[in-house]
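Peer 1: would you be able to build a 3D model of this:
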Amino acid sequence: MSTSTYKKQDAYASSGNLPDKMAIFQECLQQFNASPVNAKKCRQLLAKLLRLIYHGEQFPSQESTTLFFSISKLFQHKDSSLRQLVYLTIKELSSTSDDILMVTSSIMRDIQGGDIIYKPNAIRTLSKVLDSTTVNAAERLFKNAIVDKNPVISSAALISSYNLLPNSKEVVKRFTNETLESIQSHKVFPSNQFQLHEFYGNSTSKLPTTSYMYQYHALGLLYHLRNHDKMALMKLITSLSEGSALKNSLSIIQLIKYIHKILIEDEALIGHLYPILAAFLKHKSDMVELEACKTLVSLQHLIKDDQFMAIINTLQKLLGVPRTATRFAAIRLINKISVKHPEKILVVNSELEGLINDENRSISTLAITTLLKTMGAGTIDTGSVGGESVDRLISKMTSLMGEITEDFKIVIIEAIENLALKFPAKHKKLVSFLTDLLRDDGTLPLKTSIVNALFDLIKFLPDAGAKQLILMNLCEFIEDCEFAELSVRILHLLGDEGPHTTNPSYYIRHIYNRLVLENSIVRSSAIIALAKFAAVCGGHVSKNIQILLSRCLNDADDEVRDRAALSLKFIKANHKNFVVSDSKYDLASLESKLTHYLNDESNFDTKFDISEVPLLTSEELKSIEYNRKINKLDSGVTESSDAVGNEDRGKESGDKLSAGDSLSNDLLKQQEYSQELSAIPEFADYGTLSKSTITPVYLTERENEFVVTVIKHFFIDSQKLVLQYNITNTLPRSVLQDISVIAQPDNELYEEDFIIPISELKPDQSGDVYVSFSTPSITDGDILVAFGNTVAYTNKDVIDEEGNVDQRDDGWSDEYQIDDLEVSAGDFETPLYNSNFTAVYDQLDNTDSSVVTISGVDTLDNAITRLKTSLNLMPLDGSDFVPSDATSHVLKLLGKDVWGGKVAVMARLALTGGKVVAKIEAKSETETFSSIITSGAY
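Peer 2: Take a look at the predicted model:
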């Protein structure tokens, strides 16, 4: 981290009482050029100069160079402390001074025979002074320093090698043998290492002889040199994991992280690398054990149940250590395991209950949220013992609520909500706890979190009785609610849900009370809520509400009067769609379209076309909201543990989209694709883009000479398929021209229309090749297809650094075979939510079924993941959760096809003989599509 960056991040940094910049500059020139040199005075001036630099002061190039020449004269003085400050200052001035290379010889002389105190400083400064043209002269110095017996000097040389990597990687590669030797050697501090410091006095005999930190630095350097060579990296990992080559805990943790990265890229290596990770589960260092557990938990889909229990046993042991940070890290990992496999951590329930009263509230909160998930694994409403466990937990939570801060209360509320959504059948006692908590005193953020949780349960719980119970509790809450914001939201919800209950008049009475007792903002919301009851219920309910609304025409507030008058007008004219709407605009797409429209003034000649913004039905809106909520549990780290751990919730938002927002972002991404394609003249008459595959499919390895991804675009109305191949040229000395992709379908009903090639790709450039096909209609029956793909291009050599080619060079034509591309049933579907899967399934007419063996999986959990991905449907009723000891399971999936019809799939899975067999029963509104689903499931 640079000094300027540190200054910006340091909340306590203060520039008060800084010395005058020009005064220090003039005094430095005077003292540094004096004869003889006053070492003490020069040290003080260098310290002041460094303080100015560290607070962001910058010297112009001329002044910096003048300072540098003056400082270089201090090399004539032998004072060790002065020499250290000289090196610190030169390192800071190296970026702004000219002729910095002139000091190289003095630095090299100190490295070769200088004092042990400032030798590390000289090495670090040399790496800042050298450039790519002069680094070769110092190669021998760096090699000798890397293998030096003093760990401080060795670490300085290794760290300096990092600084040389960007500009002189080829030179640093020649340090490989010395770096390997440094890892495997035993370096100790010199006998006088600590005696050089007066602070330690005569107590240096009890200080450590080495820190082994050089192993950490050396391992990092080797990884940077070998990270593109998987075999060399595997060899390094294997050699370092055998015996006890690594003594430093940080280096072992780094080694585990490298293993994790390799396994993410190639899961087939788990058999070779798991024993290495398992050995680290019994390491003497808590940090190493935690890192090994963390890595194996993230790879839990690759390991067996008995292997997974070794992780649980290690974490169970770590829960009992006195160190707070270790206990917190262990319970955070257990909380992560409970997201997908709560039944596997039932064995640690006794330890978790003991941690509820831990003095650290972060740990106690995580203990509660984890126990809530384990209760969902099969203890709630499954017997008297389970009921007692839940009652005991809720009793402890109730007593704890008075002792913890509201931030932790909100975390617990979110955990309760997520559990009720994940296991809908286990909601009763949890809903009761939330409603009791709503009646207690609390601030607006706490009440808002409770109300948000209850709103979600109303939307997504299939039990109508539970919805009605929550609505009644909300009605009681607004009678004494002191927060107008919450009252408005609750009235809006009552207007949406109340008309569909068995007793609408109960809610009408509570809403009308708001018209009499509340302020104008709440009264305005109550008007709209009553109008919804009148529009939906009709009959005598509508007549009674019109009487109530007519009394509001004389209200003191004009907003209330206007809303009452409008509502009465719509109700009497029977304009139900003006009061209650079954669809809404996608706000993300609307914002994108409006931004694009407003950014170009030439668009103002035509009015904004709202028809281009997609309308979402209530079911699609619920699908987006349900996906956002339920995927909190499927993220790498739960929202609750992130909050308790005081981490930045938005840390990944800049690079990748949140899993919970995936459906909403898919719609926005499709709008972007639609704009891109509509700007290409060849696709102008294709009509509306029906669907695009949002995630690009890789058709090559990511390290290949050509990196090829593809996106499929479907135009259903015009029966067109456009394949968008994105090609990246990673060849450093080649230019590709006339690039096209030859796509050969195995279905004769697909006919190629044309290809839009790329004219030229220079090194590290990317471009898109478009291939258009005419497709069969759904009535033809056979719409699934696989494409064989070949990249055809002309290759020319680069003649200069700008990537230009010789115009007289005709190059040579070549072809490159890439992976096949499949169009599956999931490409025609989008996930859809409905709280009553059985009712939807029974209503669909077109039925088909088949029995298949799910290829490439050996567990029910992996089979469910495969089916969800390939069919692109939403799992409902918590059917994507599978107990670890189950041998059979029923998966319920729901979605919507591109023709507008609903699709429901019931998959009965059985694990037998190490294989997963599935009976797929598909139903659809669109004729013949159910048979396409069953034929495409595998």
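
Peer 1: low-scoring pLDDT stretches of the stretch 151-300 of the chain, where are they?
Peer 2: Applying pLDDT under 70 to the stretch 151-300 of the chain flags the ranges 191-208, 243.

Peer 1: so Lys691 bridges to which residues?
Peer 2: Phe714 (DSSP bridges).

Peer 1: tell me how many other residues crowd it.
Peer 2: 20 (other CB atoms under 10 Å). Every C-beta, even on glycine, is put in place using the N, C-alpha and C of the backbone.

Peer 1: and it, how far from Pro614?
Peer 2: Distance of Lys691 to Pro614, given as CB to CB, to the nearest Å: 11 Å.

Peer 1: so which strand or helix has Arg908?
Peer 2: strand 902-912 (DSSP states H and E).

Peer 1: and that strand, what other elements does it pack with?
Peer 2: Judged by 3 or more CB pairs under 8 Å, 6 or more residues apart in numbering; DSSP states H and E, strand 902-912 is in contact with helix 837-843, helix 860-871, strand 888-897, strand 915-924, helix 929-936.

Peer 1: now distance to Lys344 too, for the ones you listed, in JSON lines please.
Peer 2: Below are the helices and strands packed on strand 902-912 laid out as JSON lines (distance: least, CB to CB, whole Å):
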{"stretch": "helix 837-843", "distance to Lys344": "27"}
{"stretch": "helix 860-871", "distance to Lys344": "11"}
{"stretch": "strand 888-897", "distance to Lys344": "16"}
{"stretch": "strand 915-924", "distance to Lys344": "20"}
{"stretch": "helix 929-936", "distance to Lys344": "33"}
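
Peer 1: so for Ser211, which of those sits nearest?
Peer 2: Closest to Ser211 of the helices and strands packed on strand 902-912 is helix 860-871 (CB to CB; 43.3 Å).

Peer 1: buried residues in that closest one?
Peer 2: 860-864, 866-868, 870-871 (16 or more other CB atoms under 10 Å).

Peer 1: extract the CA atoms of that helix and return them as CSV.
Peer 2: C-alpha atoms of helix 860-871 as CSV (Å, rounded to 0.1, in the frame of the first residue of the first chain):
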residue,chain,number,x,y,z
LEU,A,860,-29.1,-36.6,-5.0
ASP,A,861,-28.0,-33.1,-4.2
ASN,A,862,-25.8,-32.9,-7.3
ALA,A,863,-28.6,-34.4,-9.4
ILE,A,864,-31.0,-31.6,-8.2
THR,A,865,-28.4,-29.0,-9.1
ARG,A,866,-28.0,-30.5,-12.5
LEU,A,867,-31.8,-30.6,-13.2
LYS,A,868,-32.3,-27.0,-12.0
THR,A,869,-29.5,-25.8,-14.2
SER,A,870,-30.4,-27.7,-17.4
LEU,A,871,-34.1,-27.1,-17.1
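
Peer 1: contacts made by whichever helix or strand comes after it with the rest, please.
Peer 2: Where DSSP H and E defines the elements, the next helix or strand beyond helix 860-871 is strand 874-875. Residues from elsewhere that reach strand 874-875, judged by CB atoms under 8 Å, 6 or more residues apart in numbering: 623, 626-627, 831-833, 864, 868, 891-895.

Peer 1: let's see it at 7 Å
Peer 2: Residues outside strand 874-875 that contact it (CB atoms under 7 Å, 6 or more residues apart in numbering) are 623, 831-833, 868, 891-895.

Peer 1: strands paired with that strand, and their directions?
Peer 2: In the sheet, strand 874-875 lines up against strand 888-897 (antiparallel) (DSSP bridges).

Peer 1: how far does the strand it pairs with sit from its chain's centre?
Peer 2: Counting by CA atoms, centre = their mean, to the nearest Å, strand 888-897 is centred 26 Å from the centre of its parent chain.

Peer 1: please parse this structure into its domains.
Peer 2: Taking automatic domain parsing as the reference, the chain has its domains at 229-303, 588-666, 680-823, 827-935.

Peer 1: tell me the bridge partners for Ala786.
Peer 2: Glu822.

Peer 1: top of the contacts of strand 874-875 by neighbour count?
Peer 2: Leu893 (27 neighbours).

Peer 1: quick one: low-confidence residue ranges for the stretch 401-550 of the chain.
Peer 2: In the stretch 401-550 of the chain, residues with pLDDT under 70: 422-426.

Peer 1: ok so, going back, would you list the helices and strands packed on strand 902-912 in a markdown table and tack on mean pLDDT and distance to Glu27?
Peer 2: Formatted as a markdown table, those follow (pLDDT from 0 to 100; distance: least, CB to CB, whole Å):
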| stretch | mean pLDDT | distance to Glu27 |
| --- | --- | --- |
| helix 837-843 | 87 | 81 |
| helix 860-871 | 86 | 69 |
| strand 888-897 | 90 | 76 |
| strand 915-924 | 90 | 79 |
| helix 929-936 | 84 | 80 |
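
Peer 1: farthest pair within the contacts of strand 874-875?
Peer 2: Applying CB to CB across these, the maximum distance is between Ser623 and Leu891, 17.5 Å.

Peer 1: skipping adjacent residues, who's closest to Val451 in space?
Peer 2: Take Val451 and drop its neighbours on the chain: the residue closest to it by CB to CB, 6 or more residues apart in numbering is Leu486, 5.7 Å away.

Peer 1: let me fix that: Val707
Peer 2: Of all residues not flanking Val707 in the chain, Thr728 sits nearest, at 4.2 Å (CB to CB, 6+ apart).

Peer 1: same deal with Ile742?
Peer 2: Nearest to Ile742 is Thr790, by CB to CB, 6+ apart, at 4.5 Å.

Peer 1: start and end of stretch 263-277, how far apart?
Peer 2: Using CA to CA, to the nearest Å, the end-to-end distance of stretch 263-277 comes to 11 Å.

Peer 1: can you dump the C-alpha coordinates of the longest helix seen in the chain into CSV?
Peer 2: Secondary structure of the chain read by DSSP state H shows that its longest helix is helix 151-173. The C-alpha coordinates for helix 151-173 follow below in CSV (Å, rounded to 0.1, in the frame of the first residue of the first chain):
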residue,chain,number,x,y,z
PRO,A,151,15.7,-14.4,7.2
VAL,A,152,15.3,-10.6,7.3
ILE,A,153,17.6,-10.2,4.3
SER,A,154,16.0,-13.2,2.5
SER,A,155,12.5,-11.8,3.0
ALA,A,156,13.6,-8.3,1.7
ALA,A,157,15.0,-9.9,-1.5
LEU,A,158,11.9,-12.0,-2.0
ILE,A,159,9.6,-9.0,-1.5
SER,A,160,11.7,-6.9,-3.8
SER,A,161,11.3,-9.6,-6.5
TYR,A,162,7.6,-8.9,-6.4
ASN,A,163,8.4,-5.2,-7.4
LEU,A,164,10.5,-6.4,-10.3
LEU,A,165,7.8,-8.7,-11.7
PRO,A,166,5.8,-6.2,-13.8
ASN,A,167,8.7,-5.0,-15.8
SER,A,168,11.3,-7.8,-15.6
LYS,A,169,9.5,-11.1,-15.2
GLU,A,170,12.0,-13.0,-17.3
VAL,A,171,14.8,-12.0,-15.0
VAL,A,172,12.7,-12.9,-11.9
LYS,A,173,12.0,-16.3,-13.4
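
Peer 1: helix, strand or coil for the nearest residue to His228 once chain neighbours are set aside?
Peer 2: Excluding the flanking residues, the one nearest His228 by CB to CB, 6+ apart is Glu703, at 7.0 Å. With DSSP: H, G, I helix; E, B strand; the rest coil as the basis, Glu703 sits in coil.

Peer 1: let me see the ranges of the helices in the stretch 551-700 of the chain.
Peer 2: Taking DSSP state H, counting those that start in this stretch as the criterion, the stretch 551-700 of the chain carries its helices at 558-572, 576-579, 587-598, 618-630, 639-644, 662-678.

Peer 1: out of the ones you listed, the one nearest Ser850 is which?
Peer 2: Across those, closest to Ser850 is helix 618-630 (CB to CB), at 26.4 Å.

Peer 1: could you tell me how many residues sit around the residue nearest to Asp858 when sequence neighbours are not counted?
Peer 2: Closest residue to Asp858 apart from its sequence neighbours, by CB to CB, 6+ apart: Gly914 at 5.4 Å. Neighbour count of Gly914, defined by other CB under 10 Å: 7.

Peer 1: no further questions, thank you.
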